[in-house]
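>>> Provided below for reference: sequence and predicted model.
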Number of protein chains: 2
Amino acid sequence: MIVIDREKLASLPLLALAAPAIRDAYIAVTDGRANLPPVGYLPLAGRNADCHIKYGYIDGDQIFVVKIASGFYDNPAKGLPSSNGMMVAVSAETGDVVAVLDDKGSLTDLRTGIGGAVATMALWRSDARRVGIVGSGTQARMQVRALATLSDRVLHFAVWGRSPEKTAAVLADLADFDLSIEATTDLEMLCRQSDAIVTTTPSKEALIRSDWIAPGTHITAMGADAPGKQELDVALVGRADRLVVDHPEQCLDHGEFSAAARADLIDEGRCIALGAVLSGGAMGRRSDRDITIADLTGIATQDIAIARTALEALDLL
Amino acid sequence: MIVIDREKLASLPLLALAAPAIRDAYIAVTDGRANLPPVGYLPLAGRNADCHIKYGYIDGDQIFVVKIASGFYDNPAKGLPSSNGMMVAVSAETGDVVAVLDDKGSLTDLRTGIGGAVATMALWRSDARRVGIVGSGTQARMQVRALATLSDRVLHFAVWGRSPEKTAAVLADLADFDLSIEATTDLEMLCRQSDAIVTTTPSKEALIRSDWIAPGTHITAMGADAPGKQELDVALVGRADRLVVDHPEQCLDHGEFSAAARADLIDEGRCIALGAVLSGGAMGRRSDRDITIADLTGIATQDIAIARTALEALDLL
């Protein structure tokens, strides 16, 4: 059993390397190759903490992956990150543990960033150049890096946050990447000026109003991944021309689309699987005036994809 | 993150050290301290293999544990063991991974052995000395070792198997332990002569007939842990005076008691939780003529107990 630490994983160019596998991870959910049991959930009574256990197998793969992801919501007060995680890659041929990826959540950040970029690039207009990033946390940085790495367009990024200090920190962290990027505290202006918007906040109420969004805009909603979280006005979701999901049940149960579904503005029949759009089995954007929204909640096939890519890059598969 | 390998774990006297924690693991299930989500199950399509993911938390513990246990049923043809496994111990205070226990299933073997001995010693007659072991695999060895280690009685063991070679191998493997032990291929005689019987086979049909079992006998049924497995005649289960379970739902769904439940010979109302017997909350054996049967299917609190004990023995907790 090999242990690969976070630093070793950070040395690999995974944003670029893993994109084809992440694309395939979405397709595997729609073409029957993905074996995805329900996500395990362990609340830690009295601890303000919980743990999710995601696992799955893609038919024919050499490995399957079990991911342990914990959230300890009192950690920031102790100077520790609230999220932590690791993945175990197990041989699908013998059951031997191939490797423990002690990534402390960094592979989840990467696969989430790549997933957002894959969805955005599948659904934005062909002339989209101005990308608005809503939020100033890890995924704000990751979505910028993933789009800048994976798109061959010349992009201009604007990053919104309530705190000028936090958006300035985003720009400082991305200073090495030679990007066209600015920060703003005006969310309405960011929305009105963006061709594509990626939302990455843990908000529990709608941040983005429907009347701020022009026809032709694409939105990738990354933030809502648990009951009670919401970033978009339900009227905007109800009004959108194309609603795309990574996993219909998850998105309607606890993703961005759940609030609009509870308000009876949308139903599962309106949701298109991202994997079907990527494989060509379903149409994504149909015109330059479509408003498209992708709701991503995260699926275990993404974990498999990033783990497999890392192990291949290290010549372990 | 520390990795502890199977050899290091084998150097610890865990059979003796972990018994109090394993006793408490059963009690935790009955007194509300155990958080036990459903066991995760991942079948590997086309591989004749599967993986169980067991996890849980005992209120107040420093760690919680996620166990990955795989079964690769074509492995023996390749000269590999069919079972494999590892445990991840995670801090319940910060979410950090405390240790990966790369035990390859050995901790599961140990906790299962200790669990069987705890149940047997809670339910056998006060004068029970003759112990019959049914089966010649890992758990046959483990049940003998656990009882010999944990009981202060002078015991005589008899081991039954269909193959004289396999039972001879059991005796050879246990030769260092200075035991009173013999092997037999006559199951009826073993049953008639034993005060306590521990069944450890993967049988899919009843091996032990009701009329072989005298009043006063105790039986611990370890083998049946999945749908379709059965070691005891359903008439014997129906006739027993006391039915004890580690986990009522599991035992009636896929444990030894499931066949008798499906035949409407018993119901959940007749099942007594082992934890309640151990804590004194419920009565186990009531007389020297009671036939008592314990059906053990395995619970995640046992995994927590053995992992915690190992980490404490290594001064890691």
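Done, it's in. Numbers count the residues shown, from 1 in each chain, chains lettered A, B, ... in the order given.
>>> Number of residues surrounding the residue in the stretch 101-250 of chain A that chain B sits nearest to?
Of all residues in the stretch 101-250 of chain A, A:D102 sits closest to chain B, at 5.0 Å by Cβ to the nearest Cβ. In this view, the C-beta of every residue, glycine as well, is placed from N, C-alpha and C. The tally of other residues near A:D102 (other Cβ atoms under 10 Å in any protein chain shown) stands at 22.
>>> Surely it is in contact with B:V98?
No. Look at A:D102 against B:V98 with Cβ atoms under 8 Å: they stay out of range, at 12.0 Å.
>>> between those two, what contacts are shared?
B:M1 (Cβ atoms under 8 Å, 6 or more residues apart in numbering or on different chains).
>>> Find the centremost residue of chain A, please.
A:T112 (3.4 Å; Cα atoms, centre = their mean).
>>> helix, strand or coil for it?
Using DSSP: H, G, I helix; E, B strand; the rest coil, the structure places A:T112 in helix.
>>> Settle this for me: it is touching A:A305, isn't it.
No. Between A:T112 and A:A305 there is no contact under Cβ under 8 Å: 11.7 Å.
>>> show me where the stretch 201-317 of chain A has strands.
Secondary structure of the stretch 201-317 of chain A, counting by DSSP state E, counting those that start in this stretch: strands at A:204-208, A:218-221, A:230-232, A:242-245, A:271-273, A:292-295.
>>> Just checking: what are the partner strands of the fifth one?
If you go by DSSP bridges, strand A:271-273 pairs up with strand A:242-245 (parallel).
>>> who's in contact with the partner strand?
With Cβ under 8 Å, 6+ apart, strand A:242-245 has contacts from A:119, A:122-123, A:237, A:251-252, A:255, A:257, A:266, A:270-274, A:277, A:283-286, A:290-297.
>>> and if we set it to 10 Å?
A:26, A:29, A:119, A:122-123, A:218, A:220, A:237, A:251-252, A:255-257, A:260, A:266-268, A:270-278, A:282-287, A:290-297 (Cβ atoms under 10 Å, 6 or more residues apart in numbering or on different chains).
>>> Please indicate which of the residues you listed are buried?
A:26, A:29, A:119, A:122-123, A:218, A:220, A:237, A:251-252, A:255-257, A:260, A:266, A:270-278, A:284-285, A:290-297 (16 or more other Cβ atoms under 10 Å in any protein chain shown).
>>> give me the number of residues near the residue in the stretch 151-300 of chain A that chain B sits nearest to?
Here the residue of the stretch 151-300 of chain A nearest chain B is A:A300; by Cβ to the nearest Cβ that distance is 9.6 Å. Look at A:A300: counted by other Cβ under 10 Å, it has 26 neighbours.
>>> Show the contacting residues for the residue nearest to it when sequence neighbours are not counted.
Nearest in space to A:A300, with sequence neighbours left out and distances taken as Cβ to Cβ, 6 or more residues apart in numbering or on different chains, is A:G56 at 3.6 Å. Going by Cβ under 10 Å, 6+ apart, A:G56 touches A:25, A:28-29, A:34-37, A:39, A:64-67, A:299-304, B:42.
>>> where along chain A do the helices fall?
Using DSSP state H, the helices found in chain A span residues A:6-10, A:14-17, A:19-30, A:106-123, A:138-150, A:164-173, A:187-193, A:234-239, A:248-254, A:257-262, A:274-279, A:300-313.
>>> And stretch A:161-168, what's buried?
Buried residues in stretch A:161-168 (16+ other Cβ under 10 Å): A:G161, A:K166, A:T167.
>>> Now do that stretch: distance to the chain's middle.
Put simply, stretch A:161-168 sits 21 Å off its chain's centre (Cα atoms, centre = their mean, to the nearest Å).
>>> what's that stretch in contact with?
With Cβ under 10 Å, 6+ apart as the test, stretch A:161-168 has contacts from A:133-137, A:140, A:158-160, A:169-170, A:181-185, A:187, A:201, A:207.
>>> would you put the C-alpha positions of it in PDB?
Coordinates of the C-alpha atoms in stretch A:161-168 are reproduced here as PDB (Å, rounded to 0.1, in the frame of the first residue of the first chain):
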ATOM      1  CA  GLY A 161     -17.100  39.000  -3.000                       C
ATOM      2  CA  ARG A 162     -18.600  41.100  -0.200                       C
ATOM      3  CA  SER A 163     -15.200  41.700   1.300                       C
ATOM      4  CA  PRO A 164     -12.600  43.700  -0.800                       C
ATOM      5  CA  GLU A 165      -9.900  42.100   1.300                       C
ATOM      6  CA  LYS A 166     -11.000  38.600   0.300                       C
ATOM      7  CA  THR A 167     -11.300  39.300  -3.400                       C
ATOM      8  CA  ALA A 168      -7.900  41.000  -3.300                       C
END
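>>> Tell me the spacing between the residue of chain A positioned farthest from its centre and chain B.
In chain A, A:T94 marks the outermost C-alpha relative to the chain mean, sitting 31.6 Å out by Cα atoms, centre = their mean. From A:T94 across to chain B, the span is 6 Å (Cβ to the nearest Cβ, to the nearest Å).
>>> so what's that residue up against?
Counting by Cβ under 10 Å, 6+ apart, A:T94 has contacts B:R47, B:A49, B:S70, B:F72, B:D74, B:N75, B:K78, B:L80, B:P81, B:S82, B:N84.
>>> cutoff 6 Å now
B:F72, B:L80 (Cβ atoms under 6 Å, 6 or more residues apart in numbering or on different chains).
>>> Which pLDDT does the model give it?
pLDDT, A:T94: 96.
>>> With A:R286 instead?
For A:R286, pLDDT reads 98.
>>> So it versus A:V198, what's the distance?
21 Å (Cβ to Cβ, to the nearest Å).
>>> And for A:I213?
Separation of A:I213 from A:V198 (Cβ to Cβ) stands at 13 Å.
>>> between the two, which one's more packed in?
Neighbours per residue (other Cβ under 10 Å) separate A:I213 from A:V198, with A:V198 holding more: 32 against 22.
>>> My read is that the more buried one contacts A:T220, right?
Yes. Judged on Cβ atoms under 6 Å, A:V198 makes contact with A:T220 at a distance of 4.7 Å.
>>> quick revisit: now the helices of chain A as TSV including distance to B:A148?
Below are the helices of chain A laid out as TSV (distance: least, Cβ to Cβ, whole Å):
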stretch	distance to B:A148
helix A:6-10	45
helix A:14-17	52
helix A:19-30	51
helix A:106-123	46
helix A:138-150	54
helix A:164-173	61
helix A:187-193	71
helix A:234-239	66
helix A:248-254	51
helix A:257-262	57
helix A:274-279	56
helix A:300-313	43
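>>> now those as JSON lines including mean pLDDT?
Output for the helices of chain A, formatted as JSON lines (pLDDT from 0 to 100):
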{"stretch": "helix A:6-10", "mean pLDDT": "98"}
{"stretch": "helix A:14-17", "mean pLDDT": "97"}
{"stretch": "helix A:19-30", "mean pLDDT": "98"}
{"stretch": "helix A:106-123", "mean pLDDT": "98"}
{"stretch": "helix A:138-150", "mean pLDDT": "98"}
{"stretch": "helix A:164-173", "mean pLDDT": "97"}
{"stretch": "helix A:187-193", "mean pLDDT": "98"}
{"stretch": "helix A:234-239", "mean pLDDT": "98"}
{"stretch": "helix A:248-254", "mean pLDDT": "95"}
{"stretch": "helix A:257-262", "mean pLDDT": "97"}
{"stretch": "helix A:274-279", "mean pLDDT": "98"}
{"stretch": "helix A:300-313", "mean pLDDT": "98"}
